[in-house]
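Chemist: Sequence and predicted structure, then a few things I'm wondering about:
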Amino acid sequence: LRRKWIGRFLRYRLVPGLLQYLTVPFFLLLVYYTLFGPDTNNLGNVIAWSLLWPFLLLSVFVSARSFCAYCPISAVTEVLTLGRKTFLSLPRFVKKYGIWIGIAVYISVFWIEHVTEAFVNTRVTGMVFLAISGGAVLTTLFFGKRIWCIHICPLGSMLGGLAALSVTELRANGTVCVWQCENRPCLRENNCPMGLHPSSERTRHDCILCLNCVRKCKQRSVHLDLLRPHERVLASDSWDLSRTVFVVFLIGSVIVSQSLKWLEGEHAFASLNLLGFHLQAHWKYFLIGVSLSACYAALIFLASRTKLYSEWLKTFISAGRAYLPMAFIGLFNLYFGQFILQANQIPRLSAGLLGIDSIARLQQPGFVMTFLPFVPPFLTIAAGMLSMYLLRKLRNQDRVPSPSYERHQLIVFMTSVVFLLVL
């Protein structure tokens, strides 16, 4: 922000909100086309899984939770609150356990997408979009704007859970805020949609970089920092049990979903018929997937074992930070795999939608495919090395016991190997 042209641009009142004029019509068209477009070779479905998801995860790495600042769903729901000043009080249960609700909803949506094969099932994709939008609309109508975003939104829970890996961080000089600021304009009149002070630790996970506080602060206390990913992870004092549970559960979900898919392709499920179930039954697949994901989380918890339970839990929470790179790369590689498989269909499907049959019939060039498949293994190895590095740092910083440290090293190594096999 000290560079004049950057500071002037970011303090412009329509940054980044102007992007909503693009994301809202794009999202509405996406929902409409996935619900009412063709069942197969649906351009909206291909864009959703091969472009939208990789973009979201890349945006987390570059600019933390900034997508929420121009999220089309929040833009639509905020229109519903115009002119309204009174809403129902949010239940205390939601205030206290909102982050756990968001995590549970995200993991549930993740497995619903996989058991229903949403990657190729266009109607499921549209219904997921519609369900999330409907939840946001109802929550906003009853309890006010941004309540869905702060407490329940599954997408926001995912973005906030991974935001500690971002290279961008918005912070404020606490000394300036305490001694020079008199009326706190960054918090007055609901200037921050997430209810945060820029010096708060929660900004590491919940700040959406709307930049309202940057524009309102006359003392120029607020600043944007560029950090190396591990610096932000190690410096996070707001990391708690919910963050660790989300990270390890996410890794378990990625491993289990892709391993089951890989084993199914290898016809390894024949022996499972002895157990009396078939993965074609969606609800059984859902229960199996969630249960096996919970087993991975339990493995991480057991690896943190110490003599005292309080130290055991503390070690589990601390070690969870080291698994964050693996969770991020696992999820990214999953959707990047869809980009490799489906993105080359976008020009052909777009041309067909526009009625340019000559282009639609052209075979798409495959030269890009020669190097893209090497990206996921490279990222997996890099994430494994970063997790090992974080473990070593956390061992000294949080005094992780040596036995737990060695067990977590082994789990990170084995997780990397499994990722290399199934992603």
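Modeler: Everything's here; your move. Residues are numbered from 1 along each chain as shown.

Chemist: helix or strand right after the helix or strand hosting Phe55?
Modeler: Phe55 is part of helix 53-63, with elements assigned from DSSP states H and E. As assigned by DSSP H and E, the chain's next helix or strand after helix 53-63 is helix 72-79.

Chemist: pLDDT on that following helix, on average?
Modeler: Regarding helix 72-79, the rounded mean pLDDT is 90.

Chemist: With stretch 25-36 instead?
Modeler: Confidence over stretch 25-36 (mean pLDDT, whole number) is 95.

Chemist: got it, and stretch 283-291?
Modeler: 85.

Chemist: For that stretch, buried residues please.
Modeler: Tyr285, Phe286, Ile288, Gly289, Val290 (16 or more other Cβ atoms under 10 Å). In short, each C-beta sits where N, CA and C put it, glycine included.

Chemist: For the third one, give its distance to Leu263.
Modeler: With distances defined as Cβ to Cβ, to the nearest Å, the gap from Ile288 to Leu263 amounts to 12 Å.

Chemist: cool, and the last one?
Modeler: Distance from Val290 to Leu263, counting by Cβ to Cβ: 17 Å.

Chemist: quick one on the thing from earlier: so what touches the helix holding Phe55?
Modeler: Contact with helix 53-63 is made by 66-67, 155, 159, 162-163, 165-168, 209, 229, 328, 331-332, 335-336, 338-339, as judged by Cβ atoms under 8 Å, 6 or more residues apart in numbering.

Chemist: follow-up on the earlier one: let me have the buried residues of stretch 283-291 in CSV, adding secondary structure and distance to Phe110 as columns.
Modeler: Converted to CSV, those look like this (DSSP: H, G, I helix; E, B strand; the rest coil; distance: Cβ to Cβ, whole Å):
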residue, secondary structure, distance to Phe110
Tyr285, helix, 13
Phe286, helix, 10
Ile288, helix, 14
Gly289, helix, 9
Val290, helix, 9
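
Chemist: which of those residues sit farthest apart?
Modeler: Pairwise distances across these peak at 9.7 Å for Tyr285 and Val290 (criterion: Cβ to Cβ).

Chemist: ok so, going back, now which of the contacts of helix 53-63 would you call buried?
Modeler: 66-67, 155, 159, 162-163, 165-166, 168, 209, 229, 328, 331-332, 335-336, 338-339.

Chemist: among those, which are in helices?
Modeler: Leu155, Leu159, Leu162, Pro229, Phe328, Leu331, Phe332, Tyr335, Phe336, Gln338, Phe339 (DSSP state H).

Chemist: Thought Ile103 was touching the first one, still the case?
Modeler: Just to be clear, that refers to Leu155. No. With contacts counted by Cβ atoms under 8 Å, Leu155 stays clear of Ile103, the gap being 11.9 Å.

Chemist: distance of Ser259 from Leu423?
Modeler: In terms of Cβ to Cβ, Ser259 sits 10 Å off from Leu423.

Chemist: Looking at these two, which one has more neighbours?
Modeler: Ranked by neighbour count (other Cβ atoms under 10 Å), Ser259 and Leu423 place Leu423 first, with 22 against 16.

Chemist: got a pLDDT number for that one?
Modeler: 84.

Chemist: swap in Ile101?
Modeler: 93.

Chemist: Please apply the same query to the one 4 residues further on.
Modeler: pLDDT for Val105: 93.

Chemist: Give me the nearest residue to it, chain neighbours excluded.
Modeler: Nearest residue to Val105, sequence neighbours excluded (Cβ to Cβ, 6 or more residues apart in numbering): Pro154, at 4.2 Å.

Chemist: With Lys145 as the reference, measure out to that neighbour.
Modeler: Distance, Pro154 to Lys145, using Cβ to Cβ: 18 Å.

Chemist: just Met388 next, same as before
Modeler: Counting by Cβ to Cβ, the gap from Met388 to Lys145 is 43 Å.

Chemist: Ok, Ala69 next?
Modeler: Ala69 is 14 Å from Lys145, by Cβ to Cβ.

Chemist: can you give me the strands for the chain?
Modeler: With DSSP state E as the criterion, the chain has strands at 168-172, 222-226.

Chemist: winner for burial among those strands?
Modeler: strand 168-172 (a mean of 20; mean count of other Cβ atoms under 10 Å).

Chemist: What segments of the stretch 1-150 of the chain are helices?
Modeler: 4-10, 20-36, 43-47, 53-63, 72-79, 92-115, 122-143, 147 (DSSP state H, counting those that start in this stretch).

Chemist: Adding distance to Asn396 and mean neighbour count, write the ones you listed out as TSV.
Modeler: As requested, the helices of the stretch 1-150 of the chain are arranged in TSV below (distance: least, Cβ to Cβ, whole Å; neighbours: other Cβ atoms under 10 Å):
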stretch	distance to Asn396	mean neighbour count
helix 4-10	36	11
helix 20-36	43	16
helix 43-47	45	24
helix 53-63	26	17
helix 72-79	41	19
helix 92-115	29	18
helix 122-143	42	18
helix 147	41	21
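
Chemist: Among those, which comes closest to Tyr296?
Modeler: Set against Tyr296 and scored by Cβ to Cβ, the helices of the stretch 1-150 of the chain come closest in helix 92-115, at 12.1 Å.

Chemist: Gln342 reaches Val46, doesn't it?
Modeler: Yes. Counting by Cβ under 8 Å, Gln342 does reach Val46; the two are 4.8 Å apart.

Chemist: Now tell me which helix or strand of the protein has the poorest mean pLDDT.
Modeler: helix 357-360 (a mean of 58; mean pLDDT, DSSP states H and E).

Chemist: Show me where this structure dips below the pLDDT cut-off.
Modeler: Low-confidence segments of the chain (pLDDT under 70): 1-3, 5, 187-190, 201, 264-282, 357-369.

Chemist: go with 50
Modeler: 266-279 (pLDDT under 50).

Chemist: Of Met388 and Lys145, give the one with the bigger neighbour count.
Modeler: More neighbours surround Lys145 than the other of Met388 and Lys145, with 21 against 17 (other Cβ under 10 Å).

Chemist: Would you check how far apart that one and Leu14 are?
Modeler: Distance, Lys145 to Leu14, using Cβ to Cβ: 19 Å.

Chemist: what do you get for Asp206?
Modeler: In terms of Cβ to Cβ, Asp206 sits 23 Å off from Leu14.

Chemist: and Cys71, what is it in contact with?
Modeler: Gln20, Thr23, Cys149, Leu155.

Chemist: cool, and His205?
Modeler: His205 touches Arg65, Gly160, Gly161, Ala163, Ala164, Ser236, Ser238, Arg243, counting by Cβ under 8 Å, 6+ apart.
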